[in-house]
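> Model the following, please.
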Amino acid sequence: MDILLLDALVPEAVSWLETRHNVEYRPELADDMTALRKIGYKTRGIVFPRHTVVTRGFLDFLPKLKAVARLHVGTDNSDLEACKERGIKVIHASSANVRSNAEYLLTSLLLLYRRGLVSALMGKRHPMSQLGRELHGSTVGILGLAPTAHTLAGMLSGLGVRLIGYDPAIHHTAPIWARLQIEPVSLTELMSRADAISVQMLYAARFKGFVNDKLLAACKRHQLWVGISRSDLFEEKALAAALCDGRIEACVLDGAEANFLGENSPLKDLKNLFVTPRLGSQTREARLRSSWYVAHRMHEAISGEQHSSLDSTRSAPMDLELPGAVSPSQWAEPEFLIR
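Modelled structure (predicted):
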């Protein structure tokens, strides 16, 4: 077998690969590492889902492997050093989900500003009477200038939102702030001035617990938070305290690491914390972009074309018509794509 799919590509991308390679779709193997090692012994490329961890020990059982790929952003579930040593190319669709994540953050902000709408949609006959707010004229703090922030900033600016921002890795004099029409401020100013905070910081180990008691002490009361960053960025006890005492009125986070809402977590059962299961990247368009990107890069990798072991090339721009691709309205929705 040439390529093993443990995660679903769109049917057109699979068909394109099948004209060039022997391809199998076996999603059940993602949770059975013993069976995966056996069937993957002669496999040259594998597309992994988010939760499957690729370790050095696992790679020892796959001597023919030339490429590992994921449809989502991030390489933290793959041992990059071990892949480099073995000449295995690591492929991930680095920009395919940028617009879908930005729209998720915008949607979350709109819903938090108008929480009565959620109550009505849930079928409550008498939705909460709290007056909503308009995004226009409010101040939104951008915490982290990951690529999603660039797209989100344009969306919010178009709605008449005042933008302030902070990123620990970007100096306040960098031209990117002016280009995105974001006023760079200190971290304390960001917390004290913003009506809402959007978190899309790129995660690194040094940022574990970045959102802590000291940071949240400066919160403007009744602040709204949305985020797509790893939940390790948040110190659970500090976030719970802010959600309970009114500093943070409500918070929506997309995805969470293990135990973030576990039995012993202070965040468990808080009524104003909403955690969604990685919905930010779950759009037809994002899946189309990431599928074609992974398909083309996987074909290149196992066909012997030489690239660096970590593929840093941007995935297809959001309006690019890829060879062989069709518009989202033209491809069917097989059951495995409805997540």
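> just for the stretch 151-300 of the chain, where's the confidence low?
Along the stretch 151-300 of the chain, no part satisfies pLDDT under 70.
> what about the helices in it?
175-179, 187-193, 213-216, 236-245, 284-302 (DSSP state H, counting those that start in this stretch).
> Can I get these in TSV including mean neighbour count and distance to Leu135?
Where you see a C-beta, it was placed from the backbone N, CA and C, and this is true even at glycine. Compiled in TSV, these are given as follows (neighbours: other CB atoms under 10 Å; distance: least, CB to CB, whole Å):
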stretch	mean neighbour count	distance to Leu135
helix 175-179	13	21
helix 187-193	17	16
helix 213-216	16	23
helix 236-245	18	22
helix 284-302	24	23
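> May I see the ones you listed arranged in CSV, with distance to Leu143 as well?
Putting the helices of the stretch 151-300 of the chain into CSV (distance: least, CB to CB, whole Å) gives the following:
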stretch, distance to Leu143
helix 175-179, 14
helix 187-193, 7
helix 213-216, 10
helix 236-245, 13
helix 284-302, 23
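> quick one: which of these is nearest Leu4?
Nearest to Leu4 among those is helix 284-302; the distance by CB to CB comes to 10.5 Å.
> What mean pLDDT does stretch 91-104 get?
The average pLDDT within stretch 91-104 is 92.
> Span of it from start to end?
Its first and final residues considered, stretch 91-104 spans 24 Å by CA to CA, to the nearest Å.
> do the same with stretch 180-195
19 Å.
> Please apply the same query to stretch 180-194.
17 Å.
> Same question for stretch 251-270.
Note: stretch 251-270 ends 10 Å apart using CA to CA.
> buried stuff in that stretch?
Cys251, Val252, Leu253, Asp254, Gly255, Ala256, Phe260, Leu261, Ser265, Leu267, Leu270 (16 or more other CB atoms under 10 Å).
> who are the neighbours in contact with the closest residue to the last one other than its chain neighbours?
With CB to CB, 6 or more residues apart in numbering as the criterion, Leu270 has its nearest non-adjacent residue at 5.4 Å, and that residue is Leu243. Remark: with contacts taken as CB atoms under 8 Å, 6 or more residues apart in numbering, Leu243 is in contact with Ala250, Cys251, Leu267, Leu270, Asn272, Leu273.
> hmm, back to that, in strands, which of the buried residues of stretch 251-270 appear?
Among the buried residues of stretch 251-270, DSSP state E puts Cys251, Val252, Leu253, Asp254 in strands.
> Could you pull up the residues touching the third one?
Same thing as Leu253. So Leu253 contacts Trp225, Val226, Gly227, Ile228, Ser231, Phe234, Leu273, Phe274, Val275, Thr276 (CB under 8 Å, 6+ apart).
> what bridges to it?
Gly227, Val275 (DSSP bridges).
> related to what we said a few turns ago, dump the buried residues of stretch 251-270 to JSON lines, plus distance to Gly280.
Below are the buried residues of stretch 251-270 laid out as JSON lines (distance: CB to CB, whole Å):
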{"residue": "Cys251", "distance to Gly280": "15"}
{"residue": "Val252", "distance to Gly280": "10"}
{"residue": "Leu253", "distance to Gly280": "10"}
{"residue": "Asp254", "distance to Gly280": "5"}
{"residue": "Gly255", "distance to Gly280": "8"}
{"residue": "Ala256", "distance to Gly280": "13"}
{"residue": "Phe260", "distance to Gly280": "16"}
{"residue": "Leu261", "distance to Gly280": "18"}
{"residue": "Ser265", "distance to Gly280": "22"}
{"residue": "Leu267", "distance to Gly280": "20"}
{"residue": "Leu270", "distance to Gly280": "21"}
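> now, which of the residues you listed sits nearest Glu24?
Gly255 (28.3 Å).
> Arg26 is nearest to which of the helices of the stretch 151-300 of the chain?
That would be, of the helices of the stretch 151-300 of the chain and by CB to CB, helix 284-302, which comes in at 15.6 Å.
> so how far is the closest one from its chain's centroid?
Chain-centre distance of helix 284-302: 17 Å, with CA atoms, centre = their mean, to the nearest Å.
> Mind exporting the C-alpha coordinates of it to PDB?
Output of helix 284-302 as PDB, limited to C-alpha atoms (Å, rounded to 0.1, in the frame of the first residue of the first chain):
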ATOM      1  CA  ARG A 284     -16.800  22.400   3.700                       C
ATOM      2  CA  GLU A 285     -14.400  25.000   2.200                       C
ATOM      3  CA  ALA A 286     -11.700  24.400   4.800                       C
ATOM      4  CA  ARG A 287     -11.900  20.600   4.300                       C
ATOM      5  CA  LEU A 288     -11.700  21.100   0.500                       C
ATOM      6  CA  ARG A 289      -8.600  23.300   0.800                       C
ATOM      7  CA  SER A 290      -6.800  21.100   3.300                       C
ATOM      8  CA  SER A 291      -7.600  17.900   1.400                       C
ATOM      9  CA  TRP A 292      -6.200  19.000  -1.900                       C
ATOM     10  CA  TYR A 293      -3.100  20.500  -0.200                       C
ATOM     11  CA  VAL A 294      -2.400  17.200   1.600                       C
ATOM     12  CA  ALA A 295      -3.100  15.100  -1.500                       C
ATOM     13  CA  HIS A 296      -0.700  17.100  -3.700                       C
ATOM     14  CA  ARG A 297       2.100  17.200  -1.000                       C
ATOM     15  CA  MET A 298       1.700  13.500  -0.200                       C
ATOM     16  CA  HIS A 299       2.000  12.600  -3.900                       C
ATOM     17  CA  GLU A 300       5.100  14.700  -4.200                       C
ATOM     18  CA  ALA A 301       6.700  13.100  -1.100                       C
ATOM     19  CA  ILE A 302       6.200   9.500  -2.000                       C
END
